Each structure stands twice: as structure tokens, then as C-alpha cells.
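In: Sequence first, then the predicted structure, then my questions.
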Amino acid sequence: MIFKVITATINVPMLEKVESRLKDIGVPGISISDTRGYGVYKNFFQRDWLDTHARIQIYAPESRVDEIVEAIMEAAYAGLEDDGIIAVGPVDALYRISDKEKLATDHF
């Protein structure tokens, strides 16, 4: 089975709504971190151009990627230039550290 990694960078105020939506569709696990940066939207009137965002990372079977991406886009959408971005990339393998086992898709 092919795994993908979904990385979404979103506005912090939308994080709770996105988390809730991902739980609703049965996503079994996510990682969240704070990140700073700028992209298309920059506030040149700020001394520091960097804004704080939330980064969500999800490992999922390829068959669920579109559903998860759509859920994030719906929940994170505010109609603003800095709503965020989502990237999807390949994953060669997933291993659970506690038992050194390679994960199969039935864990998802």
C-alpha cells in the first residue's frame, strides 16, 4: 500500500476547527507544531515579516488523501490570502518505534 504525507500550514485560529473536522472523518493521528514564515501574503508594515502558523502533519494511505485534504481546506478556509497551504508527498515506509514494526494500512 502506498502512504502519503500531508502537511498543512494554516492560521492558528482555524486549528481547533480543523482538528475537529479531522476527528469527524476518522483520521487516527496528527502531529501539530508551531511554525513561522511568510509566503504570498506579507505584512510589510510589521517590523518582522514572519507570521506564526500551525503546521499539521498526517501520514495516510493514498486512498484517503483527497478526503483529508478536502476536509482541511473546508475547515481552514476564511477567504483570506493567508489561509494557508497544503502539500502532499510520498512516504517510503512507516515504522512504529515501540515495537520496531513496519506499519500496514490496517492501522489507518
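Out: Looks like it came in fine.

In: Confirm residue 32 sits in a strand?
Out: Yes - per DSSP: H, G, I helix; E, B strand; the rest coil, residue 32 lies within a strand segment.

In: what's near enough to touch residue 34?
Out: Contacts of residue 34 were listed using Cβ atoms under 8 Å, 6 or more residues apart in numbering, and they are 12, 52, 53, 54, 55. All C-beta atoms are positioned from the backbone trio N, CA, C, and that covers glycine.

In: which SSE is residue 40 in?
Out: Using DSSP states H and E, residue 40 sits in no helix or strand.

In: now swap in residue 99 and tell me
Out: Going by DSSP H and E, residue 99 is not in any helix or strand.

In: thinking again about what came up before, which residue in the contacts of residue 34 has the weakest pLDDT?
Out: Least confident entry in these, by pLDDT: residue 52, with 89.

In: With the flanking residues excluded, which residue is spatially nearest to that one?
Out: Spatial nearest neighbour of residue 52, excluding adjacent residues (Cβ to Cβ, 6 or more residues apart in numbering): residue 36 at 5.4 Å.

In: Give the burial count for the one you found, as a bare number.
Out: Neighbours of residue 36 under the rule other Cβ atoms under 10 Å: 10.

In: Tell me the pLDDT of it.
Out: For residue 36, the pLDDT comes out at 89.

In: For the contacts of residue 34, pick the one with the most neighbours.
Out: Neighbour-wise, those (other Cβ under 10 Å) top out at residue 53, 23 neighbours.

In: low pLDDT regions in the chain?
Out: 41-47, 104-108 (pLDDT under 70).

In: helices or strands next to the lengthiest helix in it in the packing?
Out: As assigned by DSSP state H, the longest helix anywhere in the chain is helix 65-76. Here helix 65-76 touches strand 3-11, helix 15-24, strand 51-61, strand 84-91, going by 3 or more Cβ pairs under 8 Å, 6 or more residues apart in numbering; DSSP states H and E.

In: coming back round to it: spell out the secondary structure type for the residue nearest to residue 52.
Out: strand.
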